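> Structure, please.
(chains A, B and C)
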Amino acid sequence: MKEVDIVVIGGGPAGLSAAVHAAKMGAGVLLLERSQALGGQLVKQTHKFFGSRQEFAGERGFDIAHTLMEQIAQQEKIEVWTNATALGYYPDGVLTVKRNENFRTFRPRKLIVATGASEKALAFPNNDLPGIYGAGAVQTLMNLYGVMPAKRVLMVGAGNIGVIVAYQLLQAGVEVAAVIEAAPRIGGYWVHASKIRRCGVPILTGHTIRQAHGTTQLTGVTVCRLDEKWTMIPGTDTLFEVDGLCLAVGLSPLTELLWQAGCKMNFVPELGGYVPWRNEYLQTTHKNVYVAGDVAGVEEASAAMVEGKLAGLAAAFALNHQTADFAADYRAAKQQLNALRSGPLSAKVCHGLCKVMLEEAM
Amino acid sequence: MRIENHPILAFADAATVEFTFNGQALSGREGEPIAAALHDAGVRVLRHSPRYHRPRGLFCAIGNCSSCLMTVNGVPNIRVCVEPLRAGMTVETQDGKGRLA
Amino acid sequence: MLAIDGTATAEDLQAVLPTPDRRRRGAVAVIECFQEIPCNPCADACPRGAITMPENISQRPVFDPDKCNGCGVCVGRCPGLAIFVVDYSYGEDTALLKIPYEFRPLPQAGDSVTALDRQGAAVGSARVVKVQEQKNRTTILWLAVTAAMATAVRNIRLSGEVRA
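A predicted model of the protein is given here:
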């Protein structure tokens, strides 16, 4: 069985950043990614990122992903395994991994779990028809493989993912019939909403899906208005003839491994569901398990990268790896994260974080 | 359909390979997920559900949800959203839980 | 209303559109950034220090129209594509607009295109004066429109193109 300083699980923005910063401290890192390439969802983001220069503001998501992947490639202390799925982490400290069709075991001294999140679905009649996609699926088809998901799409959800993917659909040459949102207000950044509005896409807040239509594939969607108690208002049905329906109705953290490892969890709706208790070093109630990114609470990719850095630095430090500028580096990253979370739109996330923050270091 | 002219992205060229879908000859880009090649060809019904035989298509595209299970080269339950396309593959819609050949 | 349908109201715009006096003095940026989001590339982009960030990057940028010469660097850099430049001194009854554009095909200088407002409705036609492609792939289009349309126009559509 191979001993290794740190295993990072997940090659998205949080995991890439965790691996880079742990390795810079001198720790040996094995980075596991279940798909065939690194980058997670970051490689599918075509918009320019917000934040400040430290979080690559102004650069497009896929460019940021490539920058991080180059840093990984240059680091001799990092070994990358793609097509590698972490299966379990056991009380004797053994991590089991399936790589391609082979089974392997490791004994990592620290584990950083950065498994991300999966998309939530929505219940309505015929919600299983072909042509109904998660927003991430549409991004994957269009932005990784250059294939259009449909000719005309209705987007559900006016959070950031909904309005961003609606814009990406327009850029790919797909018609967007409308963006509907059950809440009375747009949850995404208004600048993203304005971008699709000036292309003529209506944003219908206070609307939901009554049902999808089609026998073998999606042919249309009936939408209706909601009252202030979120009840469907009779007589407000509108039929949209579309061959694509895209669901951007939130994400839930992929926490199976944390449950299995025995980390203490808490249900926090503000963070997308069950998330692990953690201290300020992103260490869970299992002293060898750290978390970063959406698995610790659903947030923006910019925040995930900074969390990855914090977890990477902290895990390496806990193994007695040190650099001269560790303290300053750590403090700066902490301030960066606080700055990203300082606006009114982050109030929800901050409120959620209070519900899972441990006072003491493990 | 493929995106011809994208304002932000440039798609890397890959070799075109032939495969069959339910016996019909199709082509796609080598290494892209089978589901991407099928979508390009306008094929969106990938399997039928076990109990009610309802048509199912691609939903998550990253190997999370199992909506896209198909029979590939005789092997059932292949997640075609993450399975790379190779020349000469036999891809078939799957009915129910699939059967080992 | 922005929170309800993604469109700025007249009151929102009143606060960011140039004053009559500033209009007479030539090209100036219009920063249609109405929400406190953590973001500061506009302040980094401005070569004249006309855009600054308060202490906290989640606050809205502070704009000094007297320092701005309408160069348009910020137009291409704003991640939200929320900055435009308007020059009412461009012609007798013609204003010049610089807008960010991220669609293909691109128009060409000299083309006549359909001018769209903030809701994507056609409000007239615009003449493309210059197509400024940028390394970051946000293109800046220079459009000549009637002065009366300059406050409304924020997008274009190529002739014969239907998008939504």
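> Can you read off the pLDDT for residue 27?
If you meant another chain, say so; for now it's chain A. You'll see residue A:27 listed with a pLDDT of 98.
> you looked at the wrong chain, it should be chain C
On the pLDDT scale, residue C:27 gets 98.
> wait, it sits on residue C:86?
Yes - assessed by C-beta atoms under 8 Å, residue C:27 is found in contact with residue C:86 at 7.2 Å. (Each C-beta comes from the backbone N, C-alpha and C, glycine too.)
> what about these two, which has more around it?
Set residue C:27 next to residue C:86 and count neighbours by other C-beta atoms under 10 Å in any protein chain shown: residue C:86 wins out with 24 against 21.
> burial measure for the closest residue to residue C:121 other than its chain neighbours, as a count.
Closest residue in space to residue C:121, ignoring its immediate chain neighbours: residue A:200 at 7.0 Å, by C-beta to C-beta, 6 or more residues apart in numbering or on different chains. Neighbour count of residue A:200, defined by other C-beta under 10 Å: 20.
> tell me the SS of residue A:200?
The three-state assignment at residue A:200 reads coil, by DSSP: H, G, I helix; E, B strand; the rest coil.
> Check the gap between it and chain B for me.
Going from residue A:200 to chain B by C-beta to the nearest C-beta, to the nearest Å gives 17 Å.
> now swap in residue A:148 and tell me
Taking C-beta to the nearest C-beta, one finds residue A:148 at 5 Å from chain B.
> for the lengthiest helix in chain A, packing partners?
Assignment by DSSP state H gives helix A:301-318 as the longest helix of chain A. Here helix A:301-318 touches strand A:2-9, helix A:13-24, helix A:61-74, strand A:102-113, strand A:289-291, helix A:326-340, going by 3 or more C-beta pairs under 8 Å, 6 or more residues apart in numbering or on different chains; DSSP states H and E.
> Could you tell me the angle between the direction of that helix and that of helix A:326-340?
Per axes from the mean of the first three to the mean of the last three C-alpha atoms, to 10 degrees, the angle that helix A:301-318 makes with helix A:326-340 is 160 degrees.
> Get me the contact residues on chain C for chain B.
When proximity is defined by C-beta under 8 Å from any C-beta of the partner chain, chain C lies next to chain B at C:102-105, C:137, C:139.
> May I ask which of those has the most neighbours?
Busiest of the residues of chain C next to chain B [other C-beta under 10 Å] is residue C:103, holding 22 neighbours.
> Regarding the residue most central in space within chain C, what is its secondary structure?
By C-alpha atoms, centre = their mean, chain C has its centre lying nearest to residue C:84, at 1.5 Å. Assigned with three-state DSSP, residue C:84 falls in the strand class.
> Bridged to it, which residues?
Per DSSP bridges, the residues bridged to residue C:84 are residue C:30.
> Surely it touches residue C:30?
Yes - using C-beta under 8 Å, residue C:84 makes contact with residue C:30 at a distance of 4.8 Å.
> tell me the contacts of the residue of the stretch 201-350 of chain A at minimum distance from chain B?
Closest contact between the stretch 201-350 of chain A and chain B, by C-beta to the nearest C-beta, is at residue A:216 (5.1 Å). Residue A:216 sits next to A:130, B:45, B:55 when contact means C-beta atoms under 8 Å, 6 or more residues apart in numbering or on different chains.
> coming back round to it: intersection of neighbour lists for residue C:27 and residue C:86?
In contact with both residue C:27 and residue C:86: C:70, C:96, using C-beta under 8 Å, 6+ apart.
> ok, the closest residue to residue C:78 other than its chain neighbours to residue C:49 distance?
In this structure, residue C:78 finds its nearest non-sequential neighbour in residue C:42, 5.3 Å apart by C-beta to C-beta, 6+ apart. Going from residue C:42 to residue C:49 by C-beta to C-beta, to the nearest Å gives 12 Å.
> who has more neighbours, those two?
Taking neighbours as other C-beta under 10 Å, residue C:42 and residue C:49 compare with residue C:42 leading, 27 against 10.
> Which residue is it, in chain B, that comes closest to chain A?
residue B:57 (2.7 Å).
> Residue A:127 is in contact with that residue, correct?
No - using C-beta under 8 Å as the test, residue B:57 is too far from residue A:127 to be in contact (11.8 Å).
> Just want to know which of those two has more residues nearby.
Using other C-beta under 10 Å as the criterion, residue B:57 and residue A:127 rank with residue B:57 on top: 25 against 15.
> what sits against that one?
Per C-beta under 8 Å, 6+ apart, neighbours of residue B:57: A:129-133, A:217, B:44-46, B:67-68.
> Closest to residue C:93 out of these?
Residue C:93 lies nearest to residue A:133 out of these, by C-beta to C-beta, at 48.4 Å.
> Please name the bridge partners of the closest one.
Beta bridges link residue A:133 to residue A:246 when assigned by DSSP bridges.
> count of residues packed around it?
29.
> For the residue nearest to the centre of chain C, give its distance to chain A.
11 Å.
> can you pull the contacts of that residue?
C:29-30, C:32, C:75, C:97-100, C:154.
> will you turn those residues into CSV that also has neighbour count?
Conversion of the contacts of residue C:84 to CSV gives the following (neighbours: other C-beta atoms under 10 Å in any protein chain shown):
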residue, neighbour count
C:29, 27
C:30, 23
C:32, 22
C:75, 28
C:97, 26
C:98, 26
C:99, 24
C:100, 23
C:154, 25
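> Excluding chain neighbours, what is closest to residue A:175?
Distance criterion C-beta to C-beta, 6+ apart; nearest residue to residue A:175, sequence neighbours excluded, is residue A:152 at 4.2 Å.
> And for residue A:179?
Once flanking residues are discounted, residue A:179 sits nearest to residue A:155: 4.4 Å by C-beta to C-beta, 6+ apart.
> Partner strands of the one helix or strand that neighbour maps to and their direction?
Assigned by DSSP states H and E, residue A:155 falls within strand A:152-156. Strand pairing for strand A:152-156, determined by DSSP bridges: strand A:175-181 (parallel), strand A:244-247 (parallel).
> Report pLDDT for residue 71.
The chain I'm using is chain A. 97.
> I was after chain B.
The model's pLDDT for residue B:71 equals 97.
> what do you get for residue A:1?
pLDDT at residue A:1 comes out at 77.
> Name the nearest residue to it, sequence neighbours excluded.
residue A:105 (5.0 Å).
> mind listing what the one you found touches?
Residue A:105 neighbours (C-beta under 8 Å, 6+ apart): A:1-2, A:94-97.
> and the residue found closest to residue C:59 once you drop the neighbours it is linked to in the chain, what helix or strand is that in?
Counting by C-beta to C-beta, 6+ apart, residue C:36 is the residue found nearest to residue C:59 once chain neighbours are left out, at 5.8 Å. Taking DSSP H and E as the definition, one finds residue C:36 inside no helix or strand.
> What residues of stretch A:307-324 count as buried?
Going by neighbour count (16 or more other C-beta atoms under 10 Å in any protein chain shown), the buried part of stretch A:307-324 is A:307-319, A:321.
> what's the domain layout of chain A?
A:2-118+A:251-354, A:121-247 (automatic domain parsing).
> Export these as CSV, with columns for distance to residue B:96.
Listed next are the domains of chain A as CSV, based on distance: least, C-beta to C-beta, whole Å:
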stretch, distance to residue B:96
domain A:2-118+A:251-354, 25
domain A:121-247, 15
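> Which helix or which strand is home to the residue of chain C found nearest chain B?
Per C-beta to the nearest C-beta, the residue of chain C with the smallest distance to chain B is residue C:104, at 4.3 Å. Under the criterion DSSP H and E, no helix or strand holds residue C:104.
> wait, it sits on residue B:8?
No - judged on C-beta under 8 Å, residue C:104 makes no contact with residue B:8 at a distance of 9.2 Å.
> Between these two, which contacts overlap?
Residues touching both residue C:104 and residue B:8 (C-beta under 8 Å, 6+ apart) are residue A:171.
> quick one: the spatially most central residue of chain B and residue B:43, what's the gap?
Per C-alpha atoms, centre = their mean, the C-alpha nearest to the average position across chain B is that of residue B:35, at 2.8 Å. Taking C-beta to C-beta as the criterion, residue B:35 is separated from residue B:43 by 9 Å.
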